Structures are given as structure tokens and as C-alpha cells.
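Novice: can you look at this prediction? I've put the sequence above it.
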Amino acid sequence: MNGGRLRRALATPTGIAAALVIVAMVVLAIIGPLVWGNQAAAINVPDALKGPSGAHLFGTDQIGRDIFARTMAATRLSLELALLSTLIAVGIGIPIGITQAVLGPRLRRLVAGVISAAVAFPGLLLALFVNTIIGIGATGAVLGIGIAMIPGFARLAQTLSASIAGLDYVAAARILGISRIRILFFHVLPNIAEPLTLTGTMSVGWSLLGISALSFLGLGVRPPSYDWGALLGSGLQYVYENPLASLGPGALIVLAGLAFNLAGETLARVQGGTPPIARPLVGAAGLEAGAIGQPDPDLVLEVDDLTVRFPAAAGDLTPVRGLTFTVRSGERIGIVGESGSGKSMTVLALSQLLPYPGRASWKSLRYLGRDLRSVPAPELRRLLGTSMALVFQDPASSLNPALRVGRQLAEVVQVHAGLRRRAAMELAVARLRDVHIARPELRAQQYPHEFSGGMRQRAMIATGLMGQPRLVIADEPTTALDVTVQRQILLLLRQVNEDSGAAVVMISHDVSVVTMLCQRVLVMYAGRIVEDIGTERLLAGPAHPYTRALLASVPDMSTDRGRPLATIAGRPPALDALPAGCAFAPRCPLADERCRAADPPLEPLDGDHLVACWHPQPAGRPTVPASA
Amino acid sequence: MAEATTQIRRHHTWLIFLARRIGRLIVSLAVVLSLSFLLIQFIPGDPVRLALGPTAPASMVAQQRAALGLTKPLVVQYLDYWHDVLSGHLGTSIVSGQPVEQIIATDLPETAELVGVALVFTMILSVSIGMFAGALTARGRRPRLTLFFTSVTSILNTIPEYLLGVGLVFVFAVTLKLLPVAGDAGWQSLVLPALAIAIGPTAGLARIVRVQTDVVLSQEYMRVARAKRLPTRLIYLRHALPNLLTAALTIGGLLLGTLVASSVVVENVFARPGLGTAIVQAITQHDYPVIQGILLVLGAAVLVLNLLVDLLLSALDPRSTLRES
């Protein structure tokens, strides 16, 4: 055991408590019989079965012996027996376990099978078996509990050494022709010593509890000897007259058992290096008052100054910074940007699904003409539940594995439209057919794991169609799928948009995917929109250097395959270290002093085309190619 | 067509799984039976003399030895034991002369009732408490509650069942005088022993359920369930719970063996009739045929219960069967 770790464990409150109790127990074990030994043995029949008093803290037993003195004096025997049986378990279990690492495969499987069968068998039955053979008494109890713990140690040593044996350096040692025994002692054993010590510490607690149980049942330590378990057993006979006679020794058993367990757990935690829980800051951002304005019936979504904040110990992180945009009815919009640019957080904030501890604030947020903050909660649930559909990136994890697919579709209308189960199921089958799933009646009865990836994503889209969708938000819906399936899903989204008139907002890191489906593209960088541009102009040559670089990094038919693929030099800035001016300036070939000093606002370039850049580029062949 | 083949294949893997599990059970049962037979052989000295005491006449000892078949060759004894057990005879008590299978037939239902009630307590309490705590502390919310929950559960999980029994007796029977301390009088006398057995496993399982809840709640399908704007009740009960249950049942199944063992001890705390009180009495009286019989029955019960849990799990989560093969 390494000294630094022990010191770190001692720095935790539980570590200190456990250490103090263990030290106290050891001291008590040494001095107990010396200090209280005589008093514990003194028989005083007239004083028999007295309750607690100043002279007898826990009262007296049937022949007038002081129970407190007996409890204190019993510490030594109780701990000794626990240590002994732990030594037996360690001494036999660990050799059985680690020899596994060097056995041949067939023998290894046999031993492993025996060990796992023995581990699943309750230890107490094994202990009773041994106890019967050895006979009632301390020896029988120690051997019984010790043998009962052998399978556990063997299993632990086996798993640990198996993980070591698979490591490169053991393989290297084997190739070098080092003998199995040497490998065991010089390579395997030192590396598993630490976790085994931890378990050993905890086992002292377990065996103390086990031996006390046997003594308590009258199968362990017998008169004239006594341990805590035996005292507990005899005290229980007069629990009505004097509860302390049993609770006193009982409390010491619990205390000792807990202390050894806590010590082991604390050491394990220090070893595992669990990070301390970050304390979330409360009240990160006050919500600003919603701006008053006339709702536009043609607009599905109006976002003004949306910001998402994550409180953190070192200062808030803001993955989305002051976003303003609108989505018109029936429009298909793409949001592109590298990972970490805030695309997903934007849509999660819009759909009111931000993960804890994220918070969204905005000047104005209108959905279908209604200020989201003014809609009462139950109505908001129904509004969003029936008209806003969400499709996420990984269809494998989007469907609940424990529920039939049809049911997952049907529940939407059962909850929000009050449909009966059968009617809802019929609608679900119809929607599955709409998204071109063959044999929808059968498929609706199946579980998600019986669906292919593409089918699951279709089923997710069908879920969104169960209500009256006005807005379909798809977050990287094609990323987890292969190319042919990607195309089908894009076509399906387009069909949904044309058939139902719902607006589609699709997020992707891939410009080429977005341009296949969308009429307008929002380009995000470091939590801001840097360009809001129609797809035609985008393909003709965007104005922002970042958009140009993104576009240039997509290979097409004209890409010279003899040259390395274009990439954007540098990395996006970390959220907690944003530069003062334009966030893209450190990577931008056009950046000058002004770019580094002031962040450019998102302003109209011509018509609907907005750009946030001090040096917008004219349409045409990209003049700023991405650096190779 | 393709679906039909998948059906057949799935059926096939399940049969292999079943056959393998039953094979393993038979081997384990044979081992337990052999150990039970060997028990009496391992005892140093003369087991019959130990059982009858030093004052018993030599003729009586010899007669009992013959009755137990200890005079025959070891192989014959072993084969006889197999034959007897398979035909339902577990021997005769040296002390009372009663057939062991009769003793077990009276005591087994009592123990089964206790273990059954304790299991129901454990599953219901641990899943509801663990899920509630998990929902409250998901994604690092309420760190202080998390600390409190883990400390309390780890303490309760460490306290052995017989001490919990003593504590429960003190609180409910001695101090509050609400429930009877001992004996076998209706459901009231079942509550405290069942709680004593269930509290430890409940605490341990609730911890696992809490962590599992945190894991399940951060799954994408839970976000989808929220995106559907389902009521909270449905989000937790329909979408989260079934995904928690597999994990809870896997561990809960492993706990069954522990519950059986705990019942042995707890029956003695509460002086309840059952296999536990019977075996402890038999051990103190050196009544070896009874010890052999009860150990055999308890061991077999644990093995069979473990198999049933495995089968239940494979029915609940068909993927687990496939994973194994």
C-alpha cells in the first residue's frame, strides 16, 4: 500500500472516522482483557440480571457478571478470530485465483467454472457445513467463515490477474521465455497486491460479522470463552428486562464491521480517483423580460438573442451566445458548424429540453406566434408534444429498447389527443407505412433491436408525424447511418416537409448534407451565427471566410485526389477561453487588428443574406481557400 | 421469409441457452449431493457416538451405525445415498427417530414464506427508493442528498441481518410494543423477521438502482420521451422503469441466495419455526442426518432459484440470451 494514498484517504472525513475506530478497537483489544478481565469473570449471584446502573453500565447477566466489562474484554477474541479467518481466506483463495493466470486454457476454464459456482452459493451454508464437521466452537467458526470466504478471494484474484495477464508487458515477458512462476511473482502479484489489500481490510469486517453470527447462534465461541456474538446471543434472552445487554455488544459488532468496511471503501475511492462533485452555481442568469411585438402568422419560430449558459465552478460556460433567427412555415433550414459550435444546444434550448444544469435566456422566443414564457405548462406540453417533432442523431438509442415500437408511436396521441389504445395503434401503423416501412402491422409489434438503423430513424420520423407537426427538428439525423440510407432519410424529411407543410430545421456538421435538403443555411461558430445564407448563394461562394473554409473542406468530383484533403487550420476556441474580438480571427487568413479587437455583428449583406464579418467576400470562386 | 428464419434462429439460441443452464444445474446439484453425503464421513471420530453421547450403551451405538449404513463400504454407501435421495428418502433423525423428509416438509413452507415476503419487500422497496433517489440526484443534482443516500445505504448494507433483527425487536416490540417479538402467530410475526432479512439487500440494491436510474435518465430515448412531452408519471414508469428492472433483477436474483442464508439466522433471532431453527438445533445435537437433509434442500433451493432468475431475465431481455451464446 502506497503511503501517499493512505495519507489521502486519511484526509477524508470517512477515512479519519474509520481509522479512529480501528485504532480504538486495536487498543481495546490489547488492554481490554487486562483492564476488565477480572471484573468480567467476577460472579456475583445476588446481583444477577440487574438493569444498567452506574456500577454496571450494561447491567449484569444470569450469574451477576458485569456485561460492560465482558463486552470490553471480548474485543480481543472477537478481533483475533476475525483476523485469523481472513488470513485463511486470503492464504488459500488468492493462490487459487492467481494461478489461473498461468494455467492452460482448458484447466483455467474448469477452475473458473468451479469458482463462479462457489461464489453464487451462500457462504453461510458452506460455513455451517464446515462447522458441523469441525464441531461447535471457535475453531469451527474460524475455519467455517474462512473457508466460506475463499471463493470470493479466488474470484477477485482471478479477475485481477486475468486483466494483468492480458497486458503487453506480461505478453512480452512470456515471449522472452520467462517461466510462468516468475511471471506470477514478479509481474502479476505486485500489480494486484493493492486491490487485494483493500478487499482484505474489508474482509476483516465481514468475517467479524460472520463469526459473531455463528457465536450468536450458539455454534461458535462457547463458554467459558465469549466473544461479542456470544454476548449478544445470551443478552437477547432477556431483551425485555435489559435491552442494553444485547444492544451493547451488538453496537460494538456494528461499529467494528462498519469501520473495516469504510476503511476499505475509502481506500478504494481514493484509488479509483472519483472526481469531487462540481458544485453548480445557483441563479446563473436572470431571465430577461420578453420583448413585446406583433406575432407574424407566417413564422413558425422567432428567436431573439438566445443564450445558453452552463454554470460551472470556474465560471459559466456559454455554448450559445445571443442567437437571433426566424423559421418560416414550410421552410427547410440547415444549421452547420464544427462539433462544439452550439448547434445541438440551440435546438435543445428551443425545444425546452436543455440538459441539467444548462439554462436558456432570451429577449423573445415565439413558437407558432406564441410567447413560450406566457403559455401555461400543461398547454405548453400539449402544444410542443403535438406540433414539434424531434429526431436525434443515433436511432439506435433514440427508441426505448424495452417497449414495442408501435406503442412508442401510439403513446403520443394517447396522451395528447386522448385517443384510445386501438385507434392510436392504427394511426401508428399508418404513420409507419407513410415513412415506407414494409409490413407496418408486424413492425409495430416488434422491439427496436429487431429494426435496422435506417428503419429506426424512419420510425423516429414517424413518431414526429403522429401529431400535426409544424416544425421538425432533426439533429444530425443521418450521421450514424451509411451513405445510401442517409439519402433515403433526407428524401423522407423532404417528403414530410412537402406533404405536411411543416418547417424542417436540420443540424449537421456536413455542409454537403445540408445543401442537399435545405433552402437556407445558418452557419454557427463558437456559439454564434456567423452567416445566414440561402443555399444557392452558399454554393456560389459564401461571404464569411469560415463558411468558405467549411465548403472547401468538402471533397467533390472536382477535388484533385492526388493532393491531401483541405482542412481548416487550428481548432475552434474553448468555451472558457473565447478571444476578445471575432472568435474565428485566430484561424482566419484575413484577420487584422480590427477582427482581434471587436466582434463583428450579424448584419445584412444583401437582402436576406446576413453575415458577421468585417471582411465579407464577394460571391464567386473562393478567394480564401482553406490551408492545406 | 427473412423474419421466419430469424424467429427460428432465436428459438434455437434460446434452446441452447436453456440446455446449457439445465446441464450446469444438474452438475451443481450432483456436487451438493456428494458434499452432503461426505459430511458425515468427514467428521473426525465416531459421529454416532458424538450424537448419542458418552453414556449410550455400545449396543445402541452399533445398532444406530448399522441403521445409518455406516458399516457398509464407502462406495455402496454413496450409491445408496443417491438412491435414497432420488426416491425421496433423506434418512432418519438420530435424536427423534422422525424421517428427515417429514421434518423438512413441516419446516420448508415456513422458511419459504419468510424468504418470499423478504424478497417482495426487497424488490419493491429498493426499486422505488432507488429510482426516486436517482431521479432527484440525476446528473450531479443535489450532491448533499447523494452523499446522505450513499452513506445511509452503505451503513444499512453493512449491518448484518441478526443485528437488524435485534434492533427491530428493541424498537418495535420492546419500546413501541407494536409487534410480537417471537413465534409464529399470523402476519404480524412475519413483518419484523422479513424486514430484518430485507433491509440490508434493499439498501445495497437501492444504491445500484439509483446509479442505474442516473444512467437510464441520460439515455437518448429518455430525451425522446421528454420531447414527446409525456407526463412525468409515464416518463418514469413506462420509459425508465422497464430499463431499470433488468439490472435490478440481475442483482436481485443474486441476492436470493443471500436471503435464504439470512433466513437461517433470522429465524433463530425471532425463534420462528423453519429450516434455520431446525438446522441450528440439529447441529448442537449432532443430529447428522437432519443437518445433511436441510443443507441439501437449502443448497438445491438456492441453485434452482438462481436458474429460475436466469430464465426470467432471458425472457425479459431477449438480448441477454444472445449475448451469452
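Specialist: In hand now; what should we look at?
Novice: buried ones in stretch A:312-332?
Specialist: Within stretch A:312-332, the residues that count as buried by 16 or more other Cβ atoms under 10 Å in any protein chain shown are A:312, A:317-332. Every C-beta, even on glycine, is put in place using the N, C-alpha and C of the backbone.
Novice: any idea of the mean pLDDT for it?
Specialist: Over the span of stretch A:312-332, the pLDDT mean works out to 89.
Novice: span of it from start to end?
Specialist: One end of stretch A:312-332 to the other measures 35 Å (Cα to Cα, to the nearest Å).
Novice: now the strands for the stretch 401-550 of chain A?
Specialist: A:471-475, A:503-508, A:520-525, A:528-534 (DSSP state E, counting those that start in this stretch).
Novice: residue A:235 is nearest to which of those strands?
Specialist: strand A:471-475 (64.9 Å; Cβ to Cβ).
Novice: which other helices and strands does the closest one contact?
Specialist: Using 3 or more Cβ pairs under 8 Å, 6 or more residues apart in numbering or on different chains; DSSP states H and E, the elements in contact with strand A:471-475 are helix A:343-350, strand A:388-391, helix A:483-500, strand A:503-508.
Novice: partners of it, with directions?
Specialist: Strand pairing for strand A:471-475, using DSSP bridges, gives strand A:388-391 (parallel), strand A:503-508 (parallel).
Novice: ranking the ones you listed by burial, who's on top?
Specialist: Counting by mean count of other Cβ atoms under 10 Å in any protein chain shown, strand A:388-391 has the highest mean neighbour count of the strands paired with strand A:471-475, with a mean of 26.
Novice: okay, the helix or strand that it is followed by in PDB with CA atoms only?
Specialist: For strand A:388-391, the following helix or strand on the C-terminal side (DSSP states H and E) is helix A:395-398. Output of helix A:395-398 as PDB, limited to C-alpha atoms (Å, rounded to 0.1, in the frame of the first residue of the first chain):
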ATOM      1  CA  PRO A 395     -31.500   6.000 -33.900                       C
ATOM      2  CA  ALA A 396     -30.100   3.000 -32.000                       C
ATOM      3  CA  SER A 397     -30.500   4.800 -28.700                       C
ATOM      4  CA  SER A 398     -33.500   7.000 -29.500                       C
END
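Novice: I'd like to know how far the closest residue in space to residue A:424 that isn't next to it in sequence sits from residue A:460.
Specialist: The shortest distance from residue A:424 to any non-neighbouring residue, by Cβ to Cβ, 6 or more residues apart in numbering or on different chains, is to residue A:410 (3.7 Å). Distance from residue A:410 to residue A:460, counting by Cβ to Cβ, to the nearest Å: 14 Å.
Novice: again with residue B:193
Specialist: 50 Å.
Novice: and if you look at residue A:531?
Specialist: On the measure of Cβ to Cβ, residue A:531 and residue A:460 end up 29 Å apart.
Novice: got it, and residue A:182?
Specialist: 57 Å.
Novice: higher neighbour count, these two?
Specialist: Using other Cβ atoms under 10 Å in any protein chain shown as the criterion, residue A:182 and residue A:460 rank with residue A:460 on top: 25 against 11.
Novice: give me every residue that touches the more buried one.
Specialist: Neighbouring residues of residue A:460 by Cβ atoms under 8 Å, 6 or more residues apart in numbering or on different chains: A:391, A:392, A:395, A:398, A:399, A:477, B:224.
Novice: between these, which sits nearest residue A:7?
Specialist: Distances from residue A:7 to the contacts of residue A:460, taken by Cβ to Cβ, are shortest for residue A:392, at 46.3 Å.
Novice: hmm, residue A:398 and that closest one touching each other?
Specialist: Yes - counting by Cβ atoms under 8 Å, residue A:398 is a contact partner of residue A:392 at 5.0 Å.
Novice: find the residues that touch each one of the two.
Specialist: Common neighbours of residue A:392 and residue A:398 (Cβ under 8 Å, 6+ apart) are A:460, B:220, B:224.
Novice: and the second one, how many residues sit next to it?
Specialist: Which is residue B:220. Count around residue B:220 with other Cβ under 10 Å applied: 16.
Novice: for it, phi and psi?
Specialist: Here is the backbone geometry of residue B:220 (degrees, to the nearest 10): phi -60, psi -40.
Novice: nearest residue to it in space, please, no chain neighbours.
Specialist: Per Cβ to Cβ, 6+ apart, closest to residue B:220 is residue A:397, 4.0 Å.
Novice: burial measure for that neighbour, as a count.
Specialist: 18.
Novice: now do the same for it: its pLDDT.
Specialist: Taking residue A:397 on its own, its pLDDT is 85.
Novice: for residue A:81, same thing?
Specialist: Reading off the model, residue A:81 has pLDDT 91.
Novice: pretty sure it sits in a helix.
Specialist: Yes - counting by DSSP: H, G, I helix; E, B strand; the rest coil, residue A:81 is located in a helix.
Novice: pull up the gap between it and chain B, please.
Specialist: 15 Å (Cβ to the nearest Cβ, to the nearest Å).
Novice: got a list of what that residue touches?
Specialist: A:138, A:141, A:142, A:207, A:208, A:211, A:221, A:227.
Novice: which parts of stretch A:348-360 are buried?
Specialist: So for stretch A:348-360, counting by 16+ other Cβ under 10 Å, buried means A:348, A:349, A:350, A:351, A:352, A:353, A:354, A:357, A:358, A:359, A:360.
Novice: what of stretch B:37-49?
Specialist: For stretch B:37-49, by 16+ other Cβ under 10 Å, it's B:37, B:38, B:39, B:40, B:43, B:47, B:48.
Novice: what of stretch A:18-29?
Specialist: So, applying 16+ other Cβ under 10 Å, buried residues of stretch A:18-29: A:18, A:19, A:21, A:22, A:25, A:28, A:29.
Novice: so how far is that stretch off the chain centroid?
Specialist: 37 Å (Cα atoms, centre = their mean, to the nearest Å).
Novice: that stretch and chain B, are they touching?
Specialist: No - counting by Cβ under 8 Å from any Cβ of the partner chain, chain B has no neighbours in stretch A:18-29; the shortest distance is 11.7 Å.
Novice: which residues touch that stretch?
Specialist: Around stretch A:18-29, the neighbours that count as contacts under Cβ under 8 Å, 6+ apart are A:10, A:72, A:75-76, A:78-80, A:255-256, A:258-260, A:262-263, A:266.
Novice: ok, residues contacting stretch B:271-283?
Specialist: A:128, A:131-132, A:136, A:217-219, B:93, B:95, B:103-104, B:106-108, B:110-111, B:114, B:182-184, B:189, B:193, B:263-268, B:287-288, B:290-291, B:294-295, B:297-298.
Novice: now, these that are in strands?
Specialist: Among the contacts of stretch B:271-283, no residue falls in strands (DSSP state E).
Novice: give me the buried entries from the residues you listed.
Specialist: Members of the contacts of stretch B:271-283 classed as buried by 16+ other Cβ under 10 Å are A:128, A:131-132, A:136, A:217-219, B:93, B:103-104, B:107-108, B:110-111, B:114, B:182, B:184, B:189, B:193, B:263-268, B:287-288, B:290-291, B:294-295, B:297-298.
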